[in-house]
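Student: could you look at this predicted model? Sequence included:
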Amino acid sequence: MRKLIIILMAIVSTSAHAQDKKAPTLKSILLEQLRTTHNVKDWFVPVNIALEDLTPDQAKWTDGSGNHSIGQLASHLIFWNLQQLYSFKKLPQPKFDGNNDETFNSFNSANWKATVQKLDSVLTAIEKAVEESDDAKLQSWYSNLAHIGTHNAYHTGQIIYIRKLQGSWDANKGVK
């Protein structure tokens, strides 16, 4: 009988806790997606962790078969996240001739630390813009915002793969 009472108490406690939890909103879902691809480790490794402790030489390393370096991928992420941020805030867009290859080519290993900081800053600014937005704004932008997270996750996976190839990935950070 005592075990039954303990089980019933646990069930009641769990269901009461579940009722206290707020239903997710569009804003909360989008922020979760943005943060888990930026700096909150959840189902996968976010970009900030993927770039941790990477030297400029490791950032410029390529496998020699035409694939991008980590630094090039980071520059590409900065470019497209900035494009989306400026558009979201209705700011003038940086000049772009439409050649996506150019978005990878602004990387300079001498500025690696600044590149990492700029990517973090841009992603933080997107999250802040979403936090400050009303529902109407988010309704008009939810698809773009969701794609930002997907795009960032895709390239973060590439970054981790490159680090594995070069032997600079610490499996304790997430991906074995």
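Tutor: Right, received. Where do you want to start? Residues are numbered from 1 along each chain as shown.
Student: so what touches stretch 146-155?
Tutor: With contact meaning CB atoms under 8 Å, 6 or more residues apart in numbering, stretch 146-155 is reached by 30, 33-34, 36-38, 44, 47, 73, 76-77, 80-81, 84, 123, 126. Heads up, the C-betas are built off the backbone N, CA and C, glycines and all.
Student: repeat that for 10 Å
Tutor: Residues from elsewhere that reach stretch 146-155 (CB atoms under 10 Å, 6 or more residues apart in numbering): 26, 29-38, 43-47, 50, 68, 70, 72-74, 76-77, 80-81, 83-85, 88, 119, 123, 126, 130, 141.
Student: that stretch: how far from the chain's middle?
Tutor: With CA atoms, centre = their mean, to the nearest Å as the basis, stretch 146-155 stands 7 Å off its chain's centre.
Student: quick check: buried residues in that stretch?
Tutor: Within stretch 146-155, the residues that count as buried by 16 or more other CB atoms under 10 Å are 148-149, 151-153, 155.
Student: let's have these in JSON lines, adding pLDDT, distance to residue 55 and secondary structure.
Tutor: What follows is the buried residues of stretch 146-155, written out as JSON lines (pLDDT from 0 to 100; distance: CB to CB, whole Å; DSSP: H, G, I helix; E, B strand; the rest coil):
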{"residue": "148", "pLDDT": "96", "distance to residue 55": "28", "secondary structure": "helix"}
{"residue": "149", "pLDDT": "95", "distance to residue 55": "28", "secondary structure": "helix"}
{"residue": "151", "pLDDT": "97", "distance to residue 55": "25", "secondary structure": "helix"}
{"residue": "152", "pLDDT": "97", "distance to residue 55": "22", "secondary structure": "helix"}
{"residue": "153", "pLDDT": "97", "distance to residue 55": "24", "secondary structure": "helix"}
{"residue": "155", "pLDDT": "98", "distance to residue 55": "19", "secondary structure": "helix"}
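Student: turn these into JSON lines, columns for distance to residue 98.
Tutor: Formatted as JSON lines, the buried residues of stretch 146-155 follow (distance: CB to CB, whole Å):
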{"residue": "148", "distance to residue 98": "19"}
{"residue": "149", "distance to residue 98": "24"}
{"residue": "151", "distance to residue 98": "17"}
{"residue": "152", "distance to residue 98": "21"}
{"residue": "153", "distance to residue 98": "24"}
{"residue": "155", "distance to residue 98": "20"}
